[in-house]
Every structure is written in C-alpha cells, then in structure tokens.
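Asker: Next come a sequence and a model predicted from it.
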Amino acid sequence: MNPRHIGADFRIVARSYFRNPVALFFSLIFPIILIALFGLIFSATGTTVVTVPVLNEDHGPGGVGYSEESVAFLSALNNTTLVKVQVVSVAPSDFAAWLGQNDYPVGLVVPSGFQSNFTNHTATNLTLYTDPQDAASSGQAQAVVAGVANAFNLRAACSSKNCSAVIGITGANVGSAVYTYIDYLIPGLIGFSILTSPMFSMVDITSSYRKEGIFRQLSLTPLTRAEWLTSRILWYVLLTFVTAGIMIGAGAYLFNAHVLVTAQLIPFLVVGPFLFVSLGMLAGCVAKTPESAALIGNIITFPMMFLSGTFFPVSSFPSGLQSFAHVLPLYYVIDGMNQVMLFSNTSRALTDVVVVLAIAVVFFLLSVRLFKWRDE
Amino acid sequence: MPGAIEVHGLRKRYGTLAAVDGIDFSVQSGSVFAFLGPNGAGKTTTTEILEGLRNRSEGEVSVLGLDPWSDGAELHRRIGVIPQDFRFFEKITPAEAIVYYRSLFHTERDPVQLLDRVELADKANSRFESLSGGQKQKLGLALALVNDPEICFLDEPTTGLDPHARRSIWAVIRALRKEGRTVFLTTHYLEEAELLADRVAIIHHGHIIASGTPSDIIAQYGTPERIRVQAGPDLGDYLAHKLGVVARAEDGHVEVELHQKEDALRVLAAIEASGIAWSGFETRQDTLEDVFVRMVGQMDEGALRTEGSP
Ligand SMILES: Nc1ncnc2c1ncn2[C@@H]1O[C@H](COP(=O)(O)OP(=O)(O)OP(=O)(O)O)[C@@H](O)[C@H]1O
Ligand SMILES: [Mg+2]
C-alpha cells in the first residue's frame, strides 16, 4: 500500500464526486430530507391527540343536559390529554355507520343510567367502537378509556371504605432523560446512509468500470486493487462524517433532538463505511453484468435497509425477525450507535464495533481477492 | 539479440472459437511493427496477451524478456498502452489524468508538454466526457507515454480520427521510433502501416497469412507493375495480338502487366502505333491495401468453397 497512490486516487474520486450534482444531492441534501420526513411522520404519531366522538345517552334530570357522573367521566378522559372528547348527537342505531362515514377511527357510547348504576354499584357498560385499520389511534383510545374506567371503578369501590390507590406511576424515559422518537431515529438514519450510499455506488461503479474497461486501464498502472479500494473507503468515511453531522444538526434544529455526540461514535463512522464499501465491491465483482450487479446489490441492501433497526427498533420485531436482524451487519452498526448516542453503554458499543470490524475485514479481503482487474 | 517481443505458437481460445490459432512473430527492439487484419481477425486478442491483460491458451510469449501474464506488474512499468476503445473517468480532465498517472508511476512528466505533444493542450481542462472520439484517443496516447515506456502498444490509435489528427499521431509514432522505442501498432489503414512500419504482419481468422517489410509483401503477393491507359477494349485486343502480352480491359481502361523494364517502352510504342485514341497514361503498382484486400478476399472465397463442398 503506497500512500501516494491512495492519495492520487482519492483526489480522482473526490473530483468525480463533486462534479456530479446527483451524487452531491444524495449525500448532502438527502440526509436532511430523510430526517425531516421521518421526523415529521414519527414525531406526529407520538403526540397525536385522538379525537373521540361520544354519544352520551345519560341525560340529566328531566332529560335536560347530561348527568354529572358522565360529564365527570368525559372530562377525566379529556384530562389525560391523549384523547379529545367531542360530544355528538346522532341516533344510537346510526352511530357506527356515522363514525365510518366521517372517518373517525374510534367512538364511545355512554349508556343511559350510567350515573345511577355507578352510584348504586350496578354494572354498566360503555361501548367503544374502534377501527382495526387504525391500530395506533384505536389502541391509544382503548388504553385511555380503560384507564379512566379503572380509576372510576376504584373510586366506586372505595367510596364506602377508607382506601386509596396503592400503586402509582411516575413517568420516565428509557435511556437519557429526554429521549424521544426522533433521538432514536438519528442513529438509525445515519446507519441507513452508511449502508446505502457506498452500497449503491460501489455496486454500480465496479460493474460499469469493468464494462467500460477502466479497471483494465488501471491494471496497466502500479495502482493495486487494495489501494483502489482503500481510497474509496477513505472517501466514504469522509462522506459519512459529513452526513452524520448534517443529520445530527438537522435533527437538533428541526425537532429538538438530543443525542450524545461523543468520540465513541467515531469508530462506527469509520468501520461502517469500511464494511459496506467492501461489501458493495464484493457484490459488484461477483456479478457478470451491470444489471445482475444491481440486482444482487438490491437483494443485499433492501432487507438490511428496513430490518436492521433503521426506522423501527429491532426489539419491536417478532422474535423470528429479530434473529434474522441479528445476522445483518448493519444491525451492529446501528445498535452500536444507539448504545453510544442514547444509552451511553460503552461495553455493548465496543462489542458491536468489534463485530462490525471483523465482518468488514473479511469482506475487504474477500473482495480484494475475488476482484479481478483483467479477464483470463 | 532477442527481439523486444517474441511470440511462438500462440493460441487463444474463447470456448470453441480459436481467435488466435498458432501464430509466430518477433518484433525487433526500436522498430515499428504493424499488425493488420480485418475485423475479428484476432489483433486485439493478440495485443492484449502481449500487454498482460489476457491470458493465453497455449504458446510462448516474451515481452522485454518477461512473461506478460505472470510478470504483469513489472512489465506495466515499462510499457505504454492505448486499448482499442480507450475510456477514462468521465469527470476528469486530461491534465488531471496525467497528474494522476504521474503520481502512480512516480515520474515527473510535465502535463502541458505531454499534451502538447499529442496536440491536446487546448483541451487540457475539459472533462473526459466532453472530449470528441479523436481527443479521447489522444489522451490515451498521452497517458501511454507518461511512464517513458520502452514499448508502446497502440491498438488502432487512429481509428475515427480526421486526416489531420491522424497525421499528428503518425508524427508522434515516428518520434517514438526515433527515440529508440519499440512500437506495436494495429490498424485497418494499410497506408498507415506502409508509411510507418518497419515490418508488417497480416492476420486473418487467427492465422498470420503474410509478414515481412511492406515492400517484401507487395513484391511477394502483389501483381507486377502495370501500365494503364484510358481507351476502349479494342486497344487491349490489339496489344494482346501484337505483343503477346496479358492486357485487361475494363471500365474504359486498358491495363498491361510489365514483367521487364523494356516492356514499358514496347507497350508505349505499340499503343502509339495502333492509331487507336487513348489518354490518361499512368503506371500502377499494388499498394499494401490491394494486396490485403485481394488476399483476404481470396481466403474468404476459398473458405466458402470448402464449406460448400461435402
Ligand atoms: N472476450 C471474448 N470472448 C469471446 N470471444 C471473443 C472475446 N474477445 C474477442 N472474441 C472473439 O475473438 C475474435 C477476435 O477478436 P479480436 O477482438 O481479437 O479481433 P480484432 O482483430 O481486434 O478485430 P477489430 O478489428 O474489429 O478490432 C472475434 O471473433 C471475437 O468475436
Ligand atoms: Mg481490435
């Protein structure tokens, strides 16, 4: 390995890159778009208040207004701030259809006799309509209604005796105190670009350079394959630092994300591109044509893109899928960055970086070995 | 002294196709060797084997005393190559390309001077993608010279170039020879081989069908010198009858083969004496092109006949 060769080739890569507007867009603007897009989607679901149309059939004395207990129940629902109660007047038999027509995923019916039954300790039944297609809103409404109902049950049970709730809950976050979804998303999206940007372009470059005879041309110079690959790795490491910086900055600026940026992040920003440049090269050089190279590249890239914890935490997957995620190299890159940026868990991050490095070295050696400048 | 290039019994098979089918030749150090042949004859295949870009199936090859395939790294420091369709990084300019090669080869060539030499200085800072075909070819030539090579392999260096650009490449090739470098050239332009080459080999279907100096080949395979005048076929009949020579008449021309110097005077005198109207007197000799076209044509006809017979 001659540093002068690597330096000369690095300048060629950098120049080719800066003179290609599409490539520049993808590495500098695309990260911001990714953060903005996913930040908006996910932070929106996190804070959504579900509107719950309520048909209150428990009227006040003489059929005027509503009973005190039903109003108390509905305002307790409102006080959770997770749902917004909206009392409507629709014929009870039409309520389900009406919800569907007006695109409400949930609806609640408070039966007549709610107050009298409640005070008499007689069973009374609320009816909650939910739309299984909108699992998030339905689940949220169901949990809130059940929670408030439990609190009312407790109050009813305790009204005669002298008792109070034993178990209380204080809200707290996993990891750093101010951990939100966007914070989780940043390491995932950095991992996403560590994967995609070298993979797609290396697969493309290796197959098209071979087709155009550029590798043949390079084989006539003293540049070695390892030097050529190293200069690409260095370039993508540099690019990854820039991209990660942009993503962390955009996350902080747009969504007030708080991630820990420490020196422990550096190994991942180096070893990650090392791994995927080598893998991209490997995929590109086992393929015979640019078309099959693109196909092989996609087969490798797409599962990893979604199943390594980029957009959704791997721990939320079914267990079969979780074991599959654990064989994907990108999982260890993203998990390691999560450990550093969110949980300050150095020992697990260290394990992750060692795993990534080992895989990267194997891919590097394999691709230098299988990659041929010239035909037989 | 062994030649700069020595080839014995070289064969290259692509599956069942024998692209190069047992050829022998040698190229003397400091000479220009031209490899001629129609499309698909095996020129590029042979050239790439000599450059160490392709492995051979059989035979012995030595370039500068090295085996091109196994000693490629050493060989590549000492040779310069323009491949047949030279391509380079699209976004890189000729000046940058030369600086790049200079760093790889650890030399101190001045890019401006090198580009001047191939008449590409005015495009020194244009991206490769925006160069014309001929300009790309010139960059290929400039890059082939960065490492001060002992042998230059030029695979069709002038294909697609305009007449002026072609002449400037010829000038470079002549200068290379003058500097004592060996040049291995492939071309379809026989005129080019005739003008530049010390020795020529004609390859067809993987076989060398003729080799030697251009004038040797013409003398050996060409027809004798001819007198050609514009006249009707009756002059041809007259000369054949009167002198007993072979006279061919076609397209308003009559051609008479000259076997001895004196024939020319006898034929001229007879033409004048015939009283038949004539004009446009010229003498003609086969060019390498005539020989080439005839030989390749005959071989293909022969091949067709043998294929056709049971
Ligand atoms: N990689 C390859 N695989 C299979 N066949 C090949 C390959 N390269 C060349 N051939 C075949 O070998 C024969 C010789 O090809 P070659 O490229 O050497 O011809 P050439 O003399 O350089 O022709 P041209 O004047 O068109 O450049 C052709 O029939 C060609 O189809
Ligand atoms: Mg050719």
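Answerer: Received the coordinates, thanks. Ligands and ions are numbered 1, 2, ... in the order given.

Asker: Identify the residues contacting the residue in the stretch 151-300 of chain B that chain A sits nearest to.
Answerer: Closest contact between the stretch 151-300 of chain B and chain A, by CB to the nearest CB, is at B:F153 (9.5 Å). From N, CA and C alone the C-beta is placed, and that goes for glycine too. Shown in contact with B:F153 (CB atoms under 8 Å, 6 or more residues apart in numbering or on different chains): B:T47, B:L50, B:E51, B:I79, B:G80, B:V81, B:I82, B:A144, B:F184.

Asker: Show me what from the stretch 101-250 of chain A comes close to chain B.
Answerer: Selection of the stretch 101-250 of chain A residues close to chain B by CB under 8 Å from any CB of the partner chain yields A:E212, A:G213, A:I214, A:R216, A:Q217, A:S219, A:L220, A:T221, A:P222, A:L223.

Asker: can you list contacts of the helix or strand harbouring the fourth one?
Answerer: When you say that, I think you mean A:R216. Element membership of A:R216, judged by DSSP states H and E, is helix A:214-219. Helix A:214-219 has contacts (CB under 8 Å, 6+ apart) with A:Y209, A:W228, A:W373, A:R374, B:L53, B:G72, B:H76, B:P83, B:F86, B:R87, B:F88, B:F89.

Asker: Can you name the next helix or strand after it?
Answerer: For helix A:214-219, the following helix or strand on the C-terminal side (DSSP H and E) is helix A:225-255.

Asker: so what secondary structure elements neighbour that following helix?
Answerer: Helix A:225-255 makes packing contacts with helix A:3-18, helix A:30-47, helix A:181-212, helix A:266-286, helix A:346-370 when contacts are defined by 3 or more CB pairs under 8 Å, 6 or more residues apart in numbering or on different chains; DSSP states H and E.

Asker: Which part of chain A gets nearest to ligand 2, residue-wise?
Answerer: With CB to the ion as the measure, A:G213 is the residue of chain A nearest to ligand 2, at 12.3 Å.

Asker: what's the neighbour count on that residue?
Answerer: Using other CB atoms under 10 Å in any protein chain shown, A:G213 is surrounded by 17 other residues.

Asker: show me what contacts it?
Answerer: B:P83, B:D85, B:F86, B:R87.

Asker: Go again with 10 Å.
Answerer: Shown in contact with A:G213 (CB atoms under 10 Å, 6 or more residues apart in numbering or on different chains): A:S219, B:L53, B:P83, B:Q84, B:D85, B:F86, B:R87, B:F88.

Asker: Look up how far B:I98 lies from the closest residue to B:Y101 other than its chain neighbours.
Answerer: Spatial nearest neighbour of B:Y101, excluding adjacent residues (CB to CB, 6 or more residues apart in numbering or on different chains): B:V146 at 4.3 Å. From B:V146 across to B:I98, the span is 6 Å (CB to CB, to the nearest Å).

Asker: Between the two, which contacts overlap?
Answerer: B:R109, B:P111, B:L114.

Asker: List the contacts of the first one.
Answerer: Taking CB under 10 Å, 6+ apart, we find B:R109 in contact with B:I98, B:V99, B:Y101, B:R102, B:A142, B:L145, B:V146, B:N147, B:D148.

Asker: ok, back up a step: next, give me the two most distant ones among the residues of the stretch 101-250 of chain A next to chain B.
Answerer: For these, the farthest-apart pair by CB to CB is A:E212 and A:P222; their separation is 20.9 Å.

Asker: residues from the stretch 151-300 of chain B in reach of chain A?
Answerer: Contact residues (CB under 10 Å from any CB of the partner chain) of the stretch 151-300 of chain B with chain A: B:F153.

Asker: Report the closest residue of chain A relative to chain B.
Answerer: As assessed by CB to the nearest CB, chain B sits closest to A:A8 within chain A, at 3.6 Å.

Asker: Go ahead and confirm that residue touches B:Y100.
Answerer: Yes: between A:A8 and B:Y100 there is a contact under CB atoms under 10 Å: 5.3 Å.

Asker: Common neighbours of these two, please.
Answerer: Taking CB under 10 Å, 6+ apart as the criterion, A:A8 and B:Y100 both touch A:T221, A:L223.

Asker: how close does A:I214 get to A:L223?
Answerer: 11 Å.

Asker: Neighbours of A:S315, how many?
Answerer: Neighbours of A:S315 under the rule other CB under 10 Å: 8.

Asker: residue of chain B with the smallest distance to chain A?
Answerer: Nearest residue of chain B to chain A: B:S103, at 3.6 Å (CB to the nearest CB).

Asker: Please name the residues that touch A:G249.
Answerer: With CB under 10 Å, 6+ apart, A:G249 has these contacts: A:P31, A:I32, A:I35, A:A257.

Asker: Next, format these as TSV and append distance to A:I266 and neighbour count.
Answerer: Conversion of the contacts of A:G249 to TSV gives the following (distance: CB to CB, whole Å; neighbours: other CB atoms under 10 Å in any protein chain shown):
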residue	distance to A:I266	neighbour count
A:P31	18	25
A:I32	22	17
A:I35	21	26
A:A257	20	25
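
Asker: For the stretch 51-200 of chain B, which segments count as helices?
Answerer: Taking DSSP state H, counting those that start in this stretch, the helices of the stretch 51-200 of chain B run over residues B:72-78, B:94-105, B:111-117, B:133-145, B:163-178, B:190-196.
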